[in-house]
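In: what follows is a predicted structure for the sequence shown.
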Amino acid sequence: MATPEAVSSTPPQTDAPLKRELGLYASFAVAFGFVSIATGIFTTYGAVLNSSGPRGIWAWPIAVIGQTMVALIFGALAARIPISGYAYQWVSRLANPLLGWLTGWISFAFLVVVVVAVDYTIAATILPELFGYAPTPANCWVITAVVMLLQAVLVALSTNVTNRVNEVAVTVQIVGMVGITVLLFVVGAVIGRLDFTHLFETAPVAEVSYWDFGGLSNAGPFPLAFLLGAFTIVGFESAANLAEETKNPERVIPRAMVQAVVALGVLGMLFLVAVTALADNTVELAKSATPVATVITSVLGPVVGKILLVLIVVSIFSCGLVITLSGTRLVWAMSRDERFPAWQLLRKVSRNRHTPVAATIGYFVVTQAILAIFSGTSDALFVLFSAATLLPAIIYAGTVLLYIVKRKSLPASKGFTLGRWEIPVLVLASIWLIYELLIFRDASFEQPRLYVGIMLVVGIGYLVYLVATRGRKGLSMPDMQDVDRAFDDNTISK
């Protein structure tokens, strides 16, 4: 591999340039919208009650710290290599093009499954609760497909409009979540229902062996609780995937990612404490299909309960919209480098809309196929969410390992560095990611592991084809010489 000073990193020319339109709040909204605590907590709180009991919410702050460390490392890389494709670009240029391609493919596998997981929640749990009908595999399939179509159309039409919609949705989510959290504490105190002893109960899970790490094929009750944070606090790196459409990305993107994770962590913990402290009977609450809505309805009344459900729909739509935006940019970035199936078509950018329309259509077609595969299973949501938690953990672990190995050879950054905190951040991030990955040894994650395995086999098969037809030299990536200078030329419009 060439030294960092050797080769220019100018991205290849495409039919039309992307436009730098995103400022700090837009970048923050992308990171916040993908993570979406309203979506993550609403959909996984019930699973935590059943696997870990109310006490499981204390895994949340630990997960927040761990993911903040990961966000800091991603920020340091994004400041040095502000190119669409994030981890795919970083690993390709700093380590090995073959490993970079696999990282990009795993990221793609994550982005096509997580959007299905998120949007399927609207059809499977929220709309049935909101309108009082029974969900079936057929109506869940149709509703999810329509939601995903609307998101793809928005992304294809205009990045600016997509981000305006997302900014409004994120603002509504922040205001709504803060308002509901405050109301829960105030009303709960007034009616004397707040019971903070619930925060330390384990029922319906037994107290015996609660803290055990588990065996070779099973995780203990408390370790399973980390999945609440591990699923919810992912996707903050989507801001880095829009680097070529962000103003001053070296400074804006790291700040946006870290701010999003911290804000989500604090607000999410307060909301979890409020909901858990207001639970009448945690054993009965664990039986509810929508335990968060059940608590809020019982405390604030059915009208506020319905408003919460509408807020969750808005949050989930925003989350799916940002995932679609990020997924299409990854497909486009890999196609621009001539490394994705059908790259000749998918690399094109609309001259009128300045969006990768073809990549958006390609991404949408794959997500529809994923939906068709999973929608017929009885535990579709669990499988989808588990796969969408395992895949980013793999991506994060690989990227952190890359940073550890290459940190001494990284070119200096003008935007963001870890400075003297680098070693502590790396140690904490590594411990967190190893612990998180070990949770997935549990037998209940057999199907998600199967999905990951199948996608890896497909990806490796295509990579073998690329190497066979082009040779390793045909897959070489430009190393980092001077990203700032590369992005000052006319290949990317300001």
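Out: On my side now, so go ahead. Numbers count the residues shown, from 1 in each chain.

In: what's the following helix or strand after the helix or strand where residue 329 lies?
Out: Element membership of residue 329, judged by DSSP states H and E, is helix 302-336. Toward the C-terminal end, the helix or strand that comes next after helix 302-336 (DSSP H and E) is helix 343-346.

In: show me what that next one is packed against.
Out: On a contact count with 3 or more Cβ pairs under 8 Å, 6 or more residues apart in numbering; DSSP states H and E, helix 343-346 meets helix 302-336, helix 357-374. Heads up, the C-betas are built off the backbone N, CA and C, glycines and all.

In: next, the angle from the first one to helix 357-374.
Out: In other words, helix 302-336. Computed by axes from the mean of the first three to the mean of the last three Cα atoms, to 10 degrees, the angle separating helix 302-336 from helix 357-374 equals 120 degrees.

In: just the helices and strands packed on helix 343-346: most buried one?
Out: Comparing those by mean neighbour count (mean count of other Cβ atoms under 10 Å), helix 302-336 ranks first with a mean of 24.

In: average pLDDT across that one?
Out: What helix 302-336 shows for mean pLDDT is 90.

In: what's the closest of the helices and strands packed on helix 343-346 to residue 240?
Out: Proximity to residue 240, assessed across the helices and strands packed on helix 343-346 by Cβ to Cβ, is greatest for helix 302-336 (9.2 Å).

In: who's in contact with residue 39?
Out: Shown in contact with residue 39 (Cβ atoms under 8 Å, 6 or more residues apart in numbering): 118, 121, 232, 312, 315-316, 319.

In: distance of residue 395 from residue 452?
Out: As judged by Cβ to Cβ, to the nearest Å, residue 395 and residue 452 stand 11 Å apart.

In: and these two? Which one has more around it.
Out: residue 395 (24 against 21; other Cβ atoms under 10 Å).

In: my guess is the more buried one meets residue 106, correct?
Out: Yes: in this structure, residue 395 is within contact of residue 106 by Cβ atoms under 8 Å, at 5.8 Å.

In: sorry, back to before: in CSV: the contacts of residue 39, plus distance to residue 355.
Out: Listed next are the contacts of residue 39 as CSV, based on distance: Cβ to Cβ, whole Å:
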residue, distance to residue 355
118, 21
121, 27
232, 28
312, 28
315, 24
316, 23
319, 20
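
In: okay, now the closest residue in space to residue 223 that isn't next to it in sequence: neighbour count?
Out: Sequence neighbours aside, residue 439 is the residue nearest to residue 223 in space, at 5.3 Å (criterion: Cβ to Cβ, 6 or more residues apart in numbering). Neighbour count of residue 439, defined by other Cβ under 10 Å: 21.

In: got a list of what residue 439 touches?
Out: By Cβ under 8 Å, 6+ apart, residue 439 lies in contact with 219, 223-224, 226-227, 230.

In: distance check, residue 228 against residue 367.
Out: Counting by Cβ to Cβ, the gap from residue 228 to residue 367 is 25 Å.

In: go ahead and confirm residue 202 touches residue 209.
Out: No: with contact defined as Cβ under 8 Å, residue 202 and residue 209 do not form a contacting pair (10.5 Å).

In: quick one, strands of the stretch 51-200 of the chain?
Out: Assigned strands in the stretch 51-200 of the chain: none (criterion: DSSP state E, counting those that start in this stretch).

In: on the three-state scheme, residue 412 is what?
Out: Here residue 412 is recorded as coil under DSSP: H, G, I helix; E, B strand; the rest coil.

In: with residue 376 instead?
Out: Residue 376 - assigned by three-state DSSP - is coil.

In: could I get the phi/psi values of it?
Out: Phi and psi for residue 376, reported as degrees, to the nearest 10, are phi -90, psi -10.

In: so residue 202 and residue 209 - more neighbours on which side?
Out: residue 202 (17 against 11).

In: what's stretch 61-74 in contact with?
Out: By Cβ under 8 Å, 6+ apart, the residues outside stretch 61-74 that reach it are 86, 226, 228-230, 233-234, 236-237, 240, 254, 257-258, 260-262, 264-265, 268-269, 396, 399-400, 403, 418, 421, 425-426, 428-429, 431-433, 435-436.

In: just these: which are in helices?
Out: 86, 226, 228-230, 254, 257-258, 260-262, 264-265, 268-269, 396, 399-400, 403, 425-426, 428-429, 431-433, 435-436 (DSSP state H).

In: quickly name whichever of the contacts of residue 439 is closest to residue 47.
Out: The shortest gap between residue 47 and any of these belongs to residue 227, at 7.2 Å (Cβ to Cβ).

In: any idea which element the residue lying closest to the closest one once chain neighbours are set aside lies in?
Out: Nearest residue to residue 227, sequence neighbours excluded (Cβ to Cβ, 6+ apart): residue 389, at 6.0 Å. Here residue 389, judged by DSSP H and E, is contained in helix 380-406.

In: ditto for residue 287
Out: Here residue 287 is assigned to no helix or strand, by DSSP H and E.

In: so how far is residue 192 from it?
Out: In this view, residue 287 and residue 192 are 25 Å apart by Cβ to Cβ.

In: tell me which of those two has more neighbours.
Out: For residue 287 versus residue 192, the count of surrounding residues by other Cβ under 10 Å is larger for residue 287: 13 against 7.

In: and the pLDDT at that one?
Out: Value for residue 287, per-residue pLDDT: 91.

In: may I have the phi/psi pair for it?
Out: Backbone torsions of residue 287, given as degrees, to the nearest 10, read phi -80, psi -10.

In: what's the answer for residue 246, then?
Out: With angles defined as degrees, to the nearest 10, residue 246 sits at phi -110, psi 140.

In: residue contacts, the residue positioned nearest the centre of the chain?
Out: For the chain, the residue sitting closest to the mean C-alpha position, by Cα atoms, centre = their mean, is residue 235 at 2.5 Å. Contact analysis of residue 235 by Cβ under 8 Å, 6+ apart lists 31, 34-35, 114, 319, 322-323, 326, 392.
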